[in-house]
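J.: missing the sequence, but the structure's below:
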């Protein structure tokens, strides 16, 4: 009884399963053509015999006009030449006479001798201009050198070396340092005005010899390396 019940279930499942598509019919194309009378049938996608050309390369006549309006002929060297037309543009010229062949040893050797090359080198050498060396220009005094100053000091930033007196030192420091585009410019002006011993503008209120928080450490590290 159990076997009969399983057989009926398998038959029911087979009847409900969808049909398997025909893989030979192609993907996304319908090869069915309508026949007279409304019947439909599958026709293989094969072109008609008239659509296949039986023309061969041997059948082409080099002197006969082509379907595009061009005429094939040969030049004096036996090479095939095809006349251009609007439907058949002129092909790109490969042998361009305007290109130099100076890198081709065989081509150059056929038209120029070693003596010719020697004369050409001598002509080029005669155009050389010899420039005699001159003395180096002297350094113009552009003010204090902060690199030399950095290497001449060894105290860290913030360690006092010089006595400073004045009221509102912090406000004066912030106001005057803001006038310089960089700390390097401030240090140069600070040394120009008598620093590090003197500080008329209050650029070095802590007396470490460095104006507007300028740091000499990078210059020292490069020199040590």
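T.: On my side now, so go ahead. Given the structure is predicted, the values throughout are model-derived calculations rather than measurements. Numbers count the residues shown, from 1 in each chain.

J.: Show me the shaky parts of the protein.
T.: For the chain, the stretches flagged by pLDDT under 70 are 1-99, 102, 223-225.

J.: Go ahead and confirm residue 144 touches residue 184.
T.: No - with contact defined as CB atoms under 8 Å, residue 144 does not reach residue 184; the gap is 11.0 Å. The way it works is simple: take the backbone N, C-alpha and C, and place the C-beta from them, glycine included.

J.: Report the separation between residue 110 and residue 104.
T.: To residue 104, residue 110 is 10 Å away according to CB to CB, to the nearest Å.

J.: Check residue 203 too.
T.: Noted for residue 203: a distance of 72 Å to residue 104, by CB to CB.

J.: And those two? Which one has more around it.
T.: Using other CB atoms under 10 Å as the criterion, residue 203 and residue 104 rank with residue 203 on top: 25 against 10.

J.: Using the three-state scheme, assign that one.
T.: The three-state label given to residue 203 by DSSP: H, G, I helix; E, B strand; the rest coil is coil.

J.: Which residues are in contact with the residue nearest to it when sequence neighbours are not counted?
T.: Spatial nearest neighbour of residue 203, excluding adjacent residues (CB to CB, 6 or more residues apart in numbering): residue 211 at 3.7 Å. Residue 211 sits next to 177, 183, 186, 187, 189, 190, 195, 199, 203, 204 when contact means CB atoms under 8 Å, 6 or more residues apart in numbering.

J.: now do 6 Å
T.: Taking CB atoms under 6 Å, 6 or more residues apart in numbering, we find residue 211 in contact with 186, 187, 190, 203, 204.

J.: Columns distance to residue 115 on top of those, output as TSV?
T.: Output for these, formatted as TSV (distance: CB to CB, whole Å):
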residue	distance to residue 115
186	70
187	68
190	72
203	76
204	77
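
J.: of all these, which comes closest to residue 123?
T.: Of all the contacts of residue 211, residue 123 sits closest to residue 187, with 58.1 Å by CB to CB.

J.: show me the contacts for the closest one.
T.: By CB under 6 Å, 6+ apart, residue 187 lies in contact with 146, 211, 214.

J.: Can you tell me the element residue 189 falls in?
T.: In this assignment (DSSP states H and E), residue 189 forms part of helix 183-192.

J.: now residue 174
T.: Counting by DSSP H and E, residue 174 is found in helix 169-177.

J.: Could I get the buried residue list for that helix?
T.: By neighbour count on 16 or more other CB atoms under 10 Å, the buried set for helix 169-177 is 172, 173, 176, 177.

J.: Let me have these in JSON lines, extended by distance to residue 130.
T.: Compiled in JSON lines, the buried residues of helix 169-177 are given as follows (distance: CB to CB, whole Å):
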{"residue": "172", "distance to residue 130": "60"}
{"residue": "173", "distance to residue 130": "58"}
{"residue": "176", "distance to residue 130": "55"}
{"residue": "177", "distance to residue 130": "53"}
